[in-house]
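Novice: Sequence and predicted structure are below.
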Amino acid sequence: MRHRTSSSWFVVGAAGLLSLMACAADAPKAPAWVAGMKNPPPGGASFAGANFWNIDWQGQQDYFRRDVDFSRETNPWLPELLADVRPYRVLRFMDWNDANAAQTIQAHFETRKSKTAAQNQPVALEWQIDLCNRTDKDCWITVHHTSTAADWRQMAELVKASLKPSLRLYLEWSNEVWNGGAPQHAFAENAAKEQGLRSENPAAAYQVHASVRMFEEFARAFAGQQHRLVKVLAGQGAWTGPCEAQADALADGAINPQRTLPDVYAIAPYISGKSVDELRKSIAEARKWTESHVKCAGRIGVPLISYEGGSDSFALAGKCKDLQHEAGMRQLYIEYLESQAAAGLRGPFMQYTHSGQCWGLKEKTGDPPESSPKYQGLMEWLRRVDPPQVQ
């Protein structure tokens, strides 16, 4: 068989042909849009979603109407929030689920009828689902690392019963397990040792061990509706080490006896800097990270998406809010998102965060686009790649 390089043809022998066929078979395929679903499937065309900041940091007033009795109210949401999230396809509730805290997840199942006062951390899972239903967004739940199989079954039944059939559940076990300073890393590392898992990266091995078992519990609950379930395995952004270790763990029969695989692999390809110029210079580096992870995700046979992303200017401390409002951030965001798509990142791109000082597309919910240049940049990019969301 003849294949063309940039300027010449070459011949591939029988062994090479078999290798090429194997590569083609293993290459992730763009998923088809399932009839009746509100949003595109992950891993295909470009589209956007958003994370919400820890509600105790940002404040109740950025999400909920004032003086809401949550035991009686059916729609506690700020109208401005419902309007703001229109361009997104997916909402991720990692912070609202206290995924970075060393605590149990029991409060996730606290029902709206049992609480009259404000929704502090963690926000009841029912309200997370309600926001997705009300806005027709797919719902990304990051499940706490201390959760058990019984918790997974309870959560799966709640989501299946209450999330609209036209919406997907993105399912992720814990958050940033690679982070050595986070409680979930120590939890996973210790659990791997207790389980006797053999890996040079015990935390990554246990992340796979727990993830595939959680995926299996949810798959049983969603039998006949598994097109609604998006199984997410996540790593880092700047380093493929966690991804390589996770790929090895997925192939290890002791860790993954059922050979259960994720549907997508997710990273956080942030750009960082103390000015628009510094942020722009970091776009090329972030593109290289993504290109490397596309190759690693290919080992697993799944497409690459993001779980977080955006501009990181936290080193500016209080002054990062000024940079957030600089007009040059609009064009910067367009260039950043185009670079990530060109590197192989597929939808969704999950902005961290929708609102919030420094990190947010907007500083506060309801801020006008004119004062939110990052939001403007995202909207301009979406007009090119996902126009129905910004009409």
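Specialist: Ah, there it is. Note that the coordinates shown come from a computational prediction; the quantities given were computed from them, not determined experimentally. Numbering: from 1, shown residues only.
Novice: Now whichever strand or helix holds residue 206: buried residues?
Specialist: Using DSSP states H and E, residue 206 maps to helix 202-221. By neighbour count on 16 or more other C-beta atoms under 10 Å, the buried set for helix 202-221 is 202-215, 217-219, 221. All C-beta atoms are positioned from the backbone trio N, CA, C, and that covers glycine.
Novice: low pLDDT regions in this structure?
Specialist: 1-32, 104-114, 391 (pLDDT under 70).
Novice: mind listing what the residue nearest the centre of the chain touches?
Specialist: Residue closest to the average C-alpha location in the chain (C-alpha atoms, centre = their mean): residue 307, at 2.4 Å. Residues in contact with residue 307 (C-beta atoms under 8 Å, 6 or more residues apart in numbering) are 92, 94, 140, 172, 175, 232, 234, 266, 267, 268, 350.
Novice: Next: residue 213.
Specialist: By C-beta under 8 Å, 6+ apart, the residues touching residue 213 are 149, 152.
Novice: Distance of it relative to residue 94?
Specialist: 20 Å (C-beta to C-beta, to the nearest Å).
Novice: cool, and residue 266?
Specialist: Residue 266 is 11 Å from residue 94, by C-beta to C-beta.
Novice: which residues are common contacts for those two?
Specialist: Here residue 266 and residue 94 share the contacting residues 172, 307, scored by C-beta under 8 Å, 6+ apart.
Novice: Mind checking what secondary structure the residue nearest to the residue nearest to the centre of the chain when sequence neighbours are not counted has?
Specialist: For residue 307, ignoring the flanking residues on the chain, the nearest one in space by C-beta to C-beta, 6 or more residues apart in numbering is residue 266 at 4.0 Å. Of the three states, residue 266 takes strand under DSSP: H, G, I helix; E, B strand; the rest coil.
Novice: go on, residue 91?
Specialist: Assignment for residue 91 (three-state DSSP): strand.
Novice: do the same with the one 5 residues further on
Specialist: When classified by three-state DSSP, residue 96 comes out as helix.
Novice: Would you confirm that it contacts residue 51?
Specialist: No. The pair residue 96 / residue 51 is not scored as a contact, 9.2 Å apart, by C-beta atoms under 8 Å.
Novice: Could you check how far residue 348 is from residue 143?
Specialist: Applying C-beta to C-beta to residue 348 and residue 143 gives a distance of 19 Å.
Novice: One more: residue 377?
Specialist: 32 Å.
Novice: neighbour count winner among those two?
Specialist: Each of residue 377 and residue 143 has its neighbours counted (other C-beta atoms under 10 Å); residue 143 has more, 24 against 21.
Novice: contacting residues around the more buried one?
Specialist: 97, 99, 105, 151, 152, 155, 171, 172, 173, 174, 214.
Novice: which among these end up buried?
Specialist: Buried, going by 16+ other C-beta under 10 Å: 97, 99, 105, 151, 152, 155, 171, 172, 173, 174, 214, out of the contacts of residue 143.
Novice: hey, where'd the helices end up in the stretch 101-250 of the chain?
Specialist: 125-135, 149-162, 183-195, 202-221, 241-250 (DSSP state H, counting those that start in this stretch).
Novice: In TSV: the ones you listed, plus distance to residue 297.
Specialist: Formatted as TSV, these follow (distance: least, C-beta to C-beta, whole Å):
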stretch	distance to residue 297
helix 125-135	26
helix 149-162	25
helix 183-195	21
helix 202-221	14
helix 241-250	7
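Novice: which stretch among those helices comes nearest residue 67?
Specialist: helix 125-135 (16.3 Å; C-beta to C-beta).
Novice: Would you mark the buried spots in that closest one?
Specialist: By 16+ other C-beta under 10 Å, the buried positions in helix 125-135 come out as 125, 126, 127, 128, 129, 130, 131, 132, 135.
Novice: What separation do you get for the closest residue to the last one other than its chain neighbours and residue 365?
Specialist: So that's residue 135. Spatial nearest neighbour of residue 135, excluding adjacent residues (C-beta to C-beta, 6+ apart): residue 85 at 5.4 Å. In this view, residue 85 and residue 365 are 9 Å apart by C-beta to C-beta.
Novice: now residue 294
Specialist: When residue 294 is compared with residue 365 (using C-beta to C-beta), they lie 34 Å apart.
Novice: Give me the more crowded residue out of the two.
Specialist: Set residue 294 next to residue 365 and count neighbours by other C-beta under 10 Å: residue 365 wins out with 24 against 18.
Novice: Go ahead and confirm the more buried one touches residue 79.
Specialist: No. If you go by C-beta under 8 Å, residue 365 and residue 79 don't touch, sitting 9.9 Å apart.
Novice: Quick one: end-to-end distance for stretch 255-270.
Specialist: One end of stretch 255-270 to the other measures 31 Å (C-alpha to C-alpha, to the nearest Å).
Novice: Buried residues of it, list them for me.
Specialist: Those buried within stretch 255-270 under the rule 16+ other C-beta under 10 Å are 255, 256, 260, 262, 263, 264, 265, 266, 267, 268, 269, 270.
Novice: How about stretch 365-383?
Specialist: So stretch 365-383, judged by 16+ other C-beta under 10 Å, has buried residues 365, 367, 372, 373, 374, 375, 376, 377, 378, 379, 381, 382.
Novice: host element of the fifth one?
Specialist: Under the assignment given by DSSP H and E, the secondary-structure element containing residue 374 is helix 373-385.
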